[in-house]
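1. fold the following, please.
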Amino acid sequence: MVYDFDEIISRRGTDSLKWDVKEGELPMWVADMDFKTAPEIREALAARFEHGIFGYSDVPDAWYDSYIYWWKTRHGFELQKEWLIFCTGVIPAISSTVRKLTTPNENVVIQTPVYNIFFNSIINNGCRVLENALLYHDGRYDMDFEDLEAKLSDPQTTLMILCNPQNPAGRIWTREELARVGELCAKHGVTVISDEIHCDLTLPGKEYIPFASVNDTCRQCSITCIAPTKTFNIAGLNTAAVSVPNEHLRDRIRRALNTDEVAEPNAFAVTAAVAAFTKGTPWLDALREYLAENRRFACEYIRREIPGAIPVEAEATYLLWVDVSGIGVTEAAAKGRPGCEKRTVSEFIANELRRITGLFVCEGSEYGTAGDRFLRINLACPRSVVEDGMERLKRGLAAIAEEIKPMYPYLFFDLDGTLTESGEGITNAARYAFEQMGMPVPPHEELFSFVGPPLSESFPKFGVAPDKVDEAVRIFRVYYDKQGWCENVPYPGIADMCRRLQAYGYKLIVATSKRHTQAVRIMEHFGLAPYFTDVIGNDEESGRKTKSQVIEYLLKKHGITDPKDVVMIGDRCYDAEGAAKHGIATIGVSYGYGTREELEDAGTVAVVDTVAELGGYLMK
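-> Below is the predicted model of the structure:
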């Protein structure tokens, strides 16, 4: 039979949770499909409906047999009838299990980013979430077993919820990984709830491994939640199963499900499950091929058309997990918008996507702190809808990137008095030079005039004869090279501000009249270098003697042709004067060696009094 997954079926007006959206919006969020379920299931349900009587239902042998048949033929694992318990859904089963097997304030481990409702099942039962964050590298997730054991070894940890295959990242855990989880949980007396609802939605050629199939250790310490609902798009029929090989655990879970009244089927639950597992193979195989093509198209489109977004490699589910950290939205940018003070980065991006394009996707932070800067997109829809969604994603992310781009692409920072409080190192070096030359040492406050201007201009102002200036400069540099440079101290908060400015998207560059080698040395010594694209200072051999010449050199080196792309940040008048020669504006910082009045008189576009004010101004 040929199945038409390209057919557009309107779900508006059907009380669909997913499609309860405004006209023109495109929902690609909640994990159900926009395809009709398999015709074999629809036919079985139609026959049951035609009977016309919908009284209380029992769980017949056909229900057990269908689960056993499916897992044996599809997954090579033979379930036993006595292991299986009917349940109205995987989440009701998980919540009941948490309630039964824990006491308030105990820990439940989950591996984030993971299905957000796990948090609800834990917190609503008075327990604490322990996040064992997965390791993300090169577009793929792996388990952090060292951290996992640390979490499991806590005496207050009694449960772990495993997502196999993983939602939202789509990993199929290997037999070795699952065996390690079972080993650690058994070692520390922790029971595993394995949510395997996505198990049949693997890529063609990929197969998942049931947790309980790995070895007897995994079987005896686990409860597995399974269902046809995700696979066959019948979530609204409330039909699932819990498989518990351990007899003692099984008795407790059966009591939990019955106590919570989630162990009795409705009139269609058994019919749908039996039809799915006995007749649904051809439809499912065709669906998997179609979903694989949807994924291939979406991933190729994102890689080709959306710079800054990376589709995460997946082996299962119809969910696309997209890394959007490269778009350039930072926490500072997200929280800096009116009304967004409490939003995460991914929440900001998802909300903006919906506002700008109507595309409705899930923000990654729903799935734990490790999910921030990701989006989850549902690809279980006709290809034309996926194409529409990708176009909206491209358009929306481009608009967001434009919306949050920095005020200026380049920030030119002076060093002394702006990034570092260098007065003592310079004044001590000047004092040393006067002493070595046998000259009177000017008062300490007057020595501060050496901060900034070229030394060849400063010494004559204090009576050094023209023929002695070079010697004074040499002595100054001997002291400064030996110890004066490390008497510089970064202003409090500078490193954190530079880190945030870099993450915000600015290119940070040091443009200083201090000697080039010293500037580089200072930046590296105080750990500021990683935040800066370049560090350029005075180099007389190259003809860079003044602040203006340093700026001119930088403009040419970085191919900057528009002075409006740059702002100078400095604490003295000559910073502003040097920048002005090239048409560049200056932000004055009065926490350095200049005063607010003289900086304002120098024509700065703004004057800030603290490091925090500077960061706030640039990231507003």
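2. surely Q518 is within a helix?
-> Yes - under DSSP: H, G, I helix; E, B strand; the rest coil, Q518 sits within a helix.
3. hmm, it is touching G537, no?
-> Yes - between Q518 and G537 there is a contact under C-beta atoms under 8 Å: 6.9 Å. Placement of C-beta: from N, CA and C, glycine included.
4. tell me where the stretch 101-250 of the chain has helices.
-> 117-123, 145-152, 175-187, 216-220, 229-232, 247-259 (DSSP state H, counting those that start in this stretch).
5. with just CA atoms, put the fifth one into PDB.
-> Listed in PDB are the C-alpha atoms of helix 229-232, where the atom choice follows Å, rounded to 0.1, in the frame of the first residue of the first chain:
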ATOM      1  CA  THR A 229       1.200   6.200  20.800                       C
ATOM      2  CA  LYS A 230       4.200   8.200  19.700                       C
ATOM      3  CA  THR A 231       5.000   5.800  16.800                       C
ATOM      4  CA  PHE A 232       1.500   5.600  15.400                       C
END
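6. for it, packing partners?
-> helix 269-279, helix 281-305 (3 or more C-beta pairs under 8 Å, 6 or more residues apart in numbering; DSSP states H and E).
7. residues of the longest one that come out buried?
-> When you say that, I think you mean helix 281-305. 283-284, 286-288, 290-292, 294-295, 298-299, 301-302 (16 or more other C-beta atoms under 10 Å).
8. tell me which of those residues is nearest to E387?
-> Y301 (8.0 Å; C-beta to C-beta).
9. quick one: that closest one from L393, how far?
-> 9 Å (C-beta to C-beta, to the nearest Å).
10. for Y208, find the nearest of the helices and strands packed on helix 229-232.
-> Here helix 281-305 is closest among the helices and strands packed on helix 229-232 (C-beta to C-beta), at 12.3 Å.
11. now the element after the closest one, going C-ward?
-> Going down the chain from helix 281-305, the next helix or strand is strand 310-311, by DSSP states H and E.
12. contacts for that following strand?
-> The contact list for strand 310-311 (C-beta atoms under 8 Å, 6 or more residues apart in numbering) reads 139, 298-299, 302-303, 320-323, 326.
13. now swap in stretch 259-273 and tell me
-> In contact with stretch 259-273 (C-beta under 8 Å, 6+ apart) are residues 41, 44-45, 48-49, 54-60, 62-63, 66-67, 85-89, 92-93, 95-96, 99-100, 227-228, 232, 234, 237-239, 241, 254, 257.
14. follow-up on the earlier one: winner for burial among the helices of the stretch 101-250 of the chain?
-> helix 229-232 (a mean of 24; mean count of other C-beta atoms under 10 Å).
15. now that helix: how far from the chain's centre is it?
-> Here the centre of helix 229-232 is set off from its chain's centre by 28 Å, with C-alpha atoms, centre = their mean, to the nearest Å.
16. likewise for stretch 75-92?
-> 34 Å.
17. quick check: end-to-end length of it?
-> In stretch 75-92, first residue to last residue: 24 Å (C-alpha to C-alpha, to the nearest Å).
18. buried set for that stretch?
-> 75, 77, 79, 83-92.
19. same deal with stretch 568-584?
-> Buried-residue list, stretch 568-584, by 16+ other C-beta under 10 Å: 568-580, 582, 584.
20. and the contacts of that stretch?
-> 411-414, 416-418, 451-453, 511, 513, 546-548, 550-552, 555, 563-564, 566-567, 585-594, 598-599, 601-604, 614.
21. strands - which of the residues you listed land there?
-> Residues of those located in strands (DSSP state E): 411-413, 511, 513, 566-567, 585-589.
22. just give me how far stretch 611-620 sits from the chain centre.
-> The answer for stretch 611-620 is 24 Å, by C-alpha atoms, centre = their mean.
23. contact partners of stretch 51-65?
-> 81, 84, 86, 264-267, 269-270, 273-274.
24. low pLDDT regions in the chain?
-> Residue ranges of the chain with pLDDT under 70: 1, 332, 336-342, 422-424, 451-453, 480-481, 483-488, 540, 620.
25. N238: neighbouring residues, count only.
-> Neighbour count of N238, defined by other C-beta atoms under 10 Å: 18.
26. contacting residues for it?
-> Here N238 is in contact with 88-89, 229, 265-266, 269 (C-beta under 8 Å, 6+ apart).
27. distance of the closest residue to it other than its chain neighbours from T37?
-> Leaving aside its chain neighbours, N238 sits nearest to T88 (4.3 Å; criterion: C-beta to C-beta, 6 or more residues apart in numbering). Going from T88 to T37 by C-beta to C-beta gives 18 Å.
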